[in-house]
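Visitor: whatever this is, show me its structure:
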Amino acid sequence: MSRFYTIDAANERLPDVRAVLERLRDERRALVELRDEAATRVEALRGAGVVGRAAESEPDAADLERWFREDPDLRAIRLRMQGLVDQMQAAVTELVDWDVTLRDIETGLVDFPALASGRQIWLCWRLGEGSIEWWHELEDGFAGRERLADLT
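Guide: Down below sits the predicted model:
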């Protein structure tokens, strides 16, 4: 960890972190939708016998690559997916630059490195919570988090 947050500094960073996490969550959902759209398109192409192997056999990586290259709809989906992945990588880089550790995109769970009585801890926060009110030891996860009021 290159920096440690005070509780006040972490709370000051929350509006920026919240915006990035909401964007990441939305982009992840859009990516899942595109994945499902691509799978539906592949099944339609296979079922129609337009591409590749028989509909009863599973396509291999070479089949999928060829389909994504040759089918205009799949090519467009792939480009949209790559754009989302690029945006998500940029968002994660923002968090890394702030020394905020992303734990889960869907719930918007993050940890801020901090010091308490000379030992390293995580200040724990997730989307939907107001301010930072939780912490946990480095080796503990979300299940081990405790209220800041109980921090000794």
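Visitor: can I assume residue 80 sits in a strand?
Guide: No - counting by DSSP: H, G, I helix; E, B strand; the rest coil, residue 80 is not found in a strand; it is helix.
Visitor: elements contacting the longest helix belonging to the chain?
Guide: Taking DSSP state H as the criterion, the chain has its longest helix at helix 7-47. With contacts taken as 3 or more Cβ pairs under 8 Å, 6 or more residues apart in numbering; DSSP states H and E, helix 7-47 sits against helix 61-70, helix 72-97, strand 109-116, strand 119-126. Using the backbone N, CA and C atoms, a C-beta is placed for each residue, glycine as well.
Visitor: for that helix, what is the average pLDDT?
Guide: Average pLDDT, helix 7-47: 94.
Visitor: how about the helices and strands packed on helix 7-47 in a markdown table, adding mean pLDDT?
Guide: Shown next, in a markdown table, are those (pLDDT from 0 to 100):
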| stretch | mean pLDDT |
| --- | --- |
| helix 61-70 | 77 |
| helix 72-97 | 95 |
| strand 109-116 | 96 |
| strand 119-126 | 96 |
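Visitor: residue 124: what's it in contact with?
Guide: 109-111, 132, 134-136, 142, 145 (Cβ atoms under 8 Å, 6 or more residues apart in numbering).
Visitor: give me the buried entries from these.
Guide: Neighbour counting by 16 or more other Cβ atoms under 10 Å classes 109-111, 132, 134-136, 145 among the contacts of residue 124 as buried.
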